[in-house]
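Enquirer: After the sequence you'll find the predicted model.
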Amino acid sequence: MDDQAAQQRFNQLPVGAIGNFQEFRSLFFHQFASNRKLRKTELSLFAVRQKEKELLKEYLQRFNNAALKVPSATQEVKASAISQGLLDRDFFKFLVKKPVSKFDALLACVAKYNMEDAQAAKKKSRGEKRKGNEGGGPLQETSN
């Protein structure tokens, strides 16, 4: 809190408005408590949700910025929060089939997904569609 703001607020009070220290303390607290920044908690990460037209990469950047403000968040909490914030799209569907419990593992999946998605888009734009793989999409399991 700024000393000048406190002094200005005090000077604006009418004479006799404060009868004792308890009243002063109460008025002071109510005026300035709402201006205090609250510490972010792990639960605040669950409020970060992917927006309708937001790319996966953009959502991940926004989530990471929010996670930096919550140093106590564990790998598991971050993985759970980011998964729950995803829109019902391809990557979300992949995570439903193959859940990831650690944030680092989820980031690796995102990187692989983005790379394979970019390759698939490149092939599609060239018109190089493989037979029998229509709608296969990225991150499909292959049998050896």
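Expert: Alright, I've got the coordinates. Keep in mind the model is a prediction, meaning the values are calculated, not measured. Numbers count the residues shown, from 1 in each chain.

Enquirer: residues contacting the closest residue to residue 102 other than its chain neighbours?
Expert: Closest residue to residue 102 apart from its sequence neighbours, by CB to CB, 6 or more residues apart in numbering: residue 75 at 4.6 Å. In short, each C-beta sits where N, CA and C put it, glycine included. Counting by CB atoms under 8 Å, 6 or more residues apart in numbering, residue 75 touches 101-104.

Enquirer: quick one: which of those sit in strands?
Expert: Of those, none are assigned to strands by DSSP state E.

Enquirer: which one of those residues sits closest to residue 85?
Expert: Residue 85 lies nearest to residue 103 out of the contacts of residue 75, by CB to CB, at 12.8 Å.

Enquirer: looking at the chain, which helix or strand is least sure?
Expert: None of the helices or strands of the chain scores lower by mean pLDDT, DSSP states H and E than helix 3-12, at a mean of 70.

Enquirer: following it, which helix or strand comes up?
Expert: Downstream of helix 3-12, the next assigned helix or strand under DSSP states H and E is helix 21-32.

Enquirer: Mind exporting the C-alpha coordinates of that following helix to PDB?
Expert: Output in PDB follows, covering the C-alpha atoms of helix 21-32 (Å, rounded to 0.1, in the frame of the first residue of the first chain):
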ATOM      1  CA  PHE A  21      -8.400   2.900  17.400                       C
ATOM      2  CA  GLN A  22     -10.600  -0.100  16.700                       C
ATOM      3  CA  GLU A  23     -12.900   2.000  14.400                       C
ATOM      4  CA  PHE A  24      -9.800   3.400  12.700                       C
ATOM      5  CA  ARG A  25      -8.400   0.000  12.200                       C
ATOM      6  CA  SER A  26     -11.700  -1.300  10.800                       C
ATOM      7  CA  LEU A  27     -12.100   1.600   8.300                       C
ATOM      8  CA  PHE A  28      -8.500   1.300   7.200                       C
ATOM      9  CA  PHE A  29      -8.700  -2.500   6.700                       C
ATOM     10  CA  HIS A  30     -12.000  -2.300   4.700                       C
ATOM     11  CA  GLN A  31     -10.600   0.400   2.400                       C
ATOM     12  CA  PHE A  32      -7.300  -1.200   1.600                       C
END
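
Enquirer: Thanks again, I'm all set now.
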